[in-house]
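*Asks:* just to be clear, the model below is a prediction. Sequence and coordinates:
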Amino acid sequence: MTKSYPFEPEEAPPEYRGLPRINPLLCIGCGACTNVCPPNAVIRIDDCSSGTRRIVLDVGRCIRCARCEESCPTGAIRLTREFEAATDDRNDHVEVVEMKLAKCRNCGSFTDYTERQVHKVLSIIPPGILDFERIRDKLPLCSECKRSLTIINASRVGGEWR
Amino acid sequence: MKPRSLWVFHLNTGACNGCDIEILDVLTPYHDIERLGVKLVPTPRHAHALLVTGPLTRQAYYSARKAYSAMPSKPRIVIAIGTCACSGGIFYNSYAIRRESDRLSLEYPRKGGTSEFLPVDIYVPGCPPRPEEILYGIALLRGLVKKKMGGEHYTVKELVLPRSQFNAWVELLLRAKIRREIGYFDGYALLKDFMELVEKSNSPEELGKMVELMKKRIKDSRLRYGLEMLYKHYIGVVRMYESILAEKKVVLGVSK
């Protein structure tokens, strides 16, 4: 029997790898998906002057290999069962998630990770093992300040190693 | 002007043949694209539309240009089938591909593929697209269906944080383990169910009983194995946590 598809809705099978979607409530902007994406469909754009990071997903470049879903630490990016992506404008394929970069607490410039990443990291440390307050004081530091802090701590004679 | 029936010419500009087979599928009686008035013609001189597949190799560029100029000047529709034709796809960075835009830039929408050289009317992404997806694209061109995609720009401030700290840590460790045992697709779904059981139970023994009950419900032996391994790794993680805590207490006792 011939299908009457465009006139009747059709569901893809449950194992079907369809269009990827980002859940903006779960995405922390770590860029794990951008590192593994073979055709560079997901990219990470850092804007250090305004302090934002954009995770951009282009469905028109995606080959539905699901490497992003496999590597996402929070389960934010998922392959849905939708498949109707045809359009006459390429801008319809683009999905952007914008978030803020964390600010270095020493020099005030923007670091290379987001505020959400800091929240996430603090929320998965098992209780009782590490001293929370000490980590929270140290965390939003840019790479240069971190480096100089390490040297200062190491050169301190008789002081405590941090 | 909306086209009524399309005569299409199938043009392969260096595709891997996946999309071409899907186009053949669309012409079979099961999907039957001729319901929508589409007919495959052997020469671009008879065609209204080009069905372009492939990322446009250097060799194919000249013949693609010839085929495009050989079409009658009206309506001259170009339908890009597959991710490669839309934006270069997996071959976007290949040396064999003709591209004029920068290969490793961070622009969006991503450039590349046939769409850089021919004015494309309908983009049908997919690697390869399902036959239904091609049918949907043709129906969209004819105005039979509505467009479903639309660009999204999220600037959401709130963030959903995980359950309790300990469970979130355990979940992250188990995630890596179950991916190695039974793969991400079934593994992550199974892990979600397992973490619900963990939240319900109070002790590892109670969790063990619940896991046994759940195993009886699952018919797939592979999933049963995955559940068993999850429980085993969970016990391992809990023991490791307890031993770290005990060590820490000892060290603190000495220093005090």
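*Replies:* Structure received. Residues are numbered from 1 along each chain as shown, chains lettered A, B, ... in the order given.
*Asks:* quick one: find the helix or strand in chain A with the lowest mean pLDDT.
*Replies:* The weakest-scoring helix or strand in chain A, judged by mean pLDDT, DSSP states H and E, is helix A:132-138 (a mean of 71).
*Asks:* what's the following helix or strand after that one?
*Replies:* Going down the chain from helix A:132-138, the next helix or strand is helix A:143-155, by DSSP states H and E.
*Asks:* what's the average pLDDT for that next one?
*Replies:* Helix A:143-155 comes out with an average pLDDT of 83.
*Asks:* next, residue 23: phi, psi?
*Replies:* Picking chain A for this. A:N23 adopts backbone torsions of phi -90, psi 110, taken as degrees, to the nearest 10.
*Asks:* who are the contact partners of it?
*Replies:* A:G75, A:A76, A:I77, A:R78 (C-beta atoms under 8 Å, 6 or more residues apart in numbering or on different chains). Where you see a C-beta, it was placed from the backbone N, CA and C, and this is true even at glycine.
*Asks:* hmm, the helix or strand encompassing the last one touching chain B?
*Replies:* What that stands for is A:R78. Using DSSP H and E, A:R78 sits in strand A:77-79. No: using C-beta under 8 Å from any C-beta of the partner chain, strand A:77-79 stays clear of chain B, coming no nearer than 9.3 Å.
*Asks:* strand partners (parallel or antiparallel) of that strand?
*Replies:* Sheet partners assigned to strand A:77-79 using DSSP bridges are listed as strand A:20-22 (antiparallel).
*Asks:* and chain B, is whichever helix or strand comes after the partner strand touching that?
*Replies:* Sequence-wise, the next helix or strand downstream of strand A:20-22 (DSSP H and E) is helix A:32-36. No: counting by C-beta under 8 Å from any C-beta, no contacts exist between helix A:32-36 and chain B, the nearest distance being 10.1 Å.
*Asks:* so which elements touch helix A:32-36?
*Replies:* On a contact count with 3 or more C-beta pairs under 8 Å, 6 or more residues apart in numbering or on different chains; DSSP states H and E, helix A:32-36 meets strand A:42-47, helix A:67-71.
*Asks:* and that helix, which residues are buried?
*Replies:* Residues A:A32, A:C33, A:T34 are the ones in helix A:32-36 that count as buried (16 or more other C-beta atoms under 10 Å in any protein chain shown).
*Asks:* per-residue confidence at the spatially most central residue of chain A?
*Replies:* Taking C-alpha atoms, centre = their mean, the centroid of chain A lies closest to A:G29, which sits 2.4 Å from it. With respect to pLDDT, A:G29 scores 89.
*Asks:* residues contacting the nearest residue to it once chain neighbours are set aside?
*Replies:* Nearest in space to A:G29, with sequence neighbours left out and distances taken as C-beta to C-beta, 6 or more residues apart in numbering or on different chains, is A:T114 at 4.2 Å. Counting by C-beta under 8 Å, 6+ apart, A:T114 touches A:I28, A:G29, A:C30, A:R53, A:M99, A:K100, A:L101, A:A102.
*Asks:* among those residues, which pair sits farthest apart?
*Replies:* A:C30 and A:K100 (14.1 Å; C-beta to C-beta).
*Asks:* the more surrounded of those two?
*Replies:* Neighbours per residue (other C-beta atoms under 10 Å in any protein chain shown) separate A:C30 from A:K100, with A:C30 holding more: 22 against 16.
*Asks:* re earlier: near chain B, anything from the least confident helix or strand of chain A?
*Replies:* No: on the criterion C-beta under 8 Å from any C-beta, helix A:132-138 is out of touch with chain B, staying 9.8 Å away.
*Asks:* what packs against that helix?
*Replies:* helix A:115-123.
*Asks:* what residues of the helix it packs on count as buried?
*Replies:* Under 16+ other C-beta under 10 Å, the buried positions of helix A:115-123 are A:E115, A:R116, A:Q117, A:V118, A:K120.
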